[in-house]
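In: Fold the following and give me the result.
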Amino acid sequence: MAELSLEEIRARVESDWTRVVDVLSQKIALGAVSAKGITADHMKASAEFVAEEMRAQGIDARVVQSTNPDGTPGAWEVIGSKIVDPSAPTVLLYAHHDVQPVPDESAWETPAFEATEKDGRLYGRGAADDGGGIAIHSGALHALGDDLAVNIRIFIEGEEEMGSPSFIPFVEKHKDEFESDVIIVADSGNWSDTIPSLTTSLRGNTDMDVTVRVLGHPVHSGQFGGPILDANTLAAMLISSLYDENGDVAVPGVLAEEPIGGLQRDMDEATVRRDAAVVEGYQFAGTGSLAARMWTKPSITVIGFDAHPVEGSFNVIADSARFRLSLRTAPNQKPAEAQKALADFLVAHAPFGAEVTVEPGENGQGWAMNPDSTAVAVAEAAMESAFDVSPVNKGEGGSIPFIPELQRIFPHAQVLVTGPEDPKANAHSPNESISLPALKNNVVTEALILQGLAAGK
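Out: As a prediction, the model looks like this:
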């Protein structure tokens, strides 16, 4: 089977482009909001649409309903395969067909569930996350057509935006249908709409509830205030002890890493400030590159705090305070280890001997790609050819827990995290959109990756 040139692949993608955009537009119109019920008819209709589209590209696709861990019916999933040569490499293509809700349609400049093209971008809920991933897979498979030289398996999930509760049981139940040499997860994004990226790492996460107690009951602040500090103040002291004078996490056993594969380009501070709406005068905490601080170094956030509201407050010393910590862990650290290290530190650093108790929460493992793998080399070369610029790989500060779980279940598989998003995509937010020129280059990229994996390049 002859290998297609870059020009031939581009020509095929160009000739198919109207169809690709139409598929994405139809997908947006389905309004596959999993928060409205993962078992609902609209989610089944979304899955059927995706399965039909995959069948049109030669995949023997079908819709299967998963089962939740408690035995109740779960999400509508799309799975399938195309075996071209049992001796050829097998590639699993992942995306998800469910989308985020639209709580306030008035915040949108275009109808949320009606694809609208404007200034080279296609607007609509799910345009980028993750209808774009489905469009990439569809376009790449169509471009290769009968020249496809790797075996394909697909998994288009129906509950990613709901935390994927049935993901792992479903994969383990259908393990033979997911067995692959390379897994392409098309649910991330690029450095920009003109600079491609592989996602090199994801931080893990863990959380815990912490209670600080100083009294058996509240007492009058005038009568006892001074030698007895209120529990809220003690909690604040305890929280502040988690950081050193530079704002770096100072908990022994909670590890930090540098960007996986090396830092090719640091994050732009002005852009981060703008995107996060940072107040004027605030100085970023921590040391080292901004990228490391956001991608691979740990961060601890107080995400909940139980205290008496200001309205209705009165002169008493609070006997106890309770807060919840979310710890984002370095990609390669086991979150249970970090959780224990943090819990031990909190108890050992109880201010003035106050009583500190910790209730551990759930853990999610981080992930780091192997920068030296064959698949990474193939993907980076494909990106550079398709976008005509060298890729700038990047980490993500958030977590996608199913990726390390896939790596656990299929330890020999090489994982590539790609995707259709860019900094302007507004995934999960009003006015979500996708860059159409970048989407076209992403389709070319994936076709080149599949061809390169077949050639063993």
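In: can you give me the helices for the stretch 201-350 of the chain?
Out: Listed in chain order, the helices found in the stretch 201-350 of the chain under DSSP state H, counting those that start in this stretch are 221-224, 231-240, 269-276, 290-295, 335-348.
In: Quick check: which of the ones you listed is buried the most?
Out: Comparing the helices of the stretch 201-350 of the chain by mean neighbour count (mean count of other CB atoms under 10 Å), helix 290-295 ranks first with a mean of 21. From N, CA and C alone the C-beta is placed, and that goes for glycine too.
In: From residue 176, how far out is the closest residue to residue 174 other than its chain neighbours?
Out: If you skip the residues right next to it in sequence, residue 174 has residue 79 as its closest partner in space, 6.4 Å away by CB to CB, 6 or more residues apart in numbering. Taking CB to CB, to the nearest Å as the measure, residue 79 and residue 176 are separated by 11 Å.
In: Look at those two and report which has more neighbours.
Out: For residue 79 and residue 176, the more surrounded residue by other CB atoms under 10 Å is residue 79, and the numbers stand at 23 against 7.
In: Give the helix, strand or coil label for the more buried one.
Out: With DSSP: H, G, I helix; E, B strand; the rest coil as the basis, residue 79 sits in strand.
In: wait, what's in contact with residue 157?
Out: 75, 77, 94-98, 164, 167 (CB atoms under 8 Å, 6 or more residues apart in numbering).
In: Tabulate these (CSV), appending pLDDT, distance to residue 328 and neighbour count.
Out: CSV is the format used below for these (pLDDT from 0 to 100; distance: CB to CB, whole Å; neighbours: other CB atoms under 10 Å):
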residue, pLDDT, distance to residue 328, neighbour count
75, 96, 26, 29
77, 97, 29, 25
94, 97, 23, 24
95, 97, 25, 27
96, 97, 22, 30
97, 98, 28, 29
98, 97, 24, 26
164, 89, 19, 22
167, 90, 21, 23
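In: From the residues you listed, which land in helices?
Out: residue 167 (DSSP state H).
In: And the contacts of residue 157, which is closest to residue 320?
Out: Nearest to residue 320 among those, counting by CB to CB, is residue 164 at 35.5 Å.
In: The closest one contacts residue 403, doesn't it?
Out: No. The pair formed by residue 164 and residue 403 falls short of the contact definition of CB atoms under 8 Å, at 10.5 Å.
In: I'd like to know which of the helices of the stretch 201-350 of the chain is closest to residue 141.
Out: With CB to CB, the closest approach to residue 141 among the helices of the stretch 201-350 of the chain belongs to helix 290-295: 31.4 Å.
In: Contact partners for the residue nearest to residue 174?
Out: Shown in contact with residue 79 (CB under 8 Å, 6+ apart): 61-62, 64, 153-156, 174, 177-178.
In: angle of the strand or helix carrying residue 362 against helix 335-348?
Out: In this structure, residue 362 sits in strand 355-364 according to DSSP states H and E. With axes from the mean of the first three to the mean of the last three CA atoms, to 10 degrees defining the directions, strand 355-364 sits at 170 degrees from helix 335-348.
In: Tell me where the stretch 51-200 of the chain has strands.
Out: Using DSSP state E, counting those that start in this stretch, the strands found in the stretch 51-200 of the chain span residues 60-67, 73-82, 90-96, 116-118, 121-123, 151-157, 182-186, 199-202.
In: tell me which of the contacts of residue 157 is nearest to residue 289?
Out: For the contacts of residue 157, the residue nearest residue 289 by CB to CB is residue 94; the value is 29.7 Å.
In: Quick check: closest non-adjacent residue to that closest one.
Out: If the residues on either side of it in the chain are set aside, residue 94 comes closest to residue 185, at 4.7 Å by CB to CB, 6+ apart.
In: and residue 405, what pLDDT?
Out: Turning to residue 405, the model gives it a pLDDT of 88.
In: pretty sure it is touching residue 169, no?
Out: No. Using CB under 8 Å, residue 405 and residue 169 do not qualify as a contacting pair, with a distance of 10.8 Å.
In: Compare the two (neighbour count), which wins?
Out: Residue environment comparison for residue 405 versus residue 169 gives the larger neighbour count to residue 405, 18 against 14, counting by other CB under 10 Å.
In: From residue 141, how far off is the spatially closest residue to that one that is not a sequence neighbour?
Out: Setting aside the residues directly before and after it, residue 405 is nearest to residue 168 in space (CB to CB, 6+ apart), at 5.4 Å. Applying CB to CB, the value for residue 168 to residue 141 is 26 Å.
In: For the residue nearest to residue 94, name its beta-bridge partners.
Out: Beta-bridge pairing for residue 185 (DSSP bridges): residue 94, residue 417.
In: Having no further points to raise, I will conclude here.
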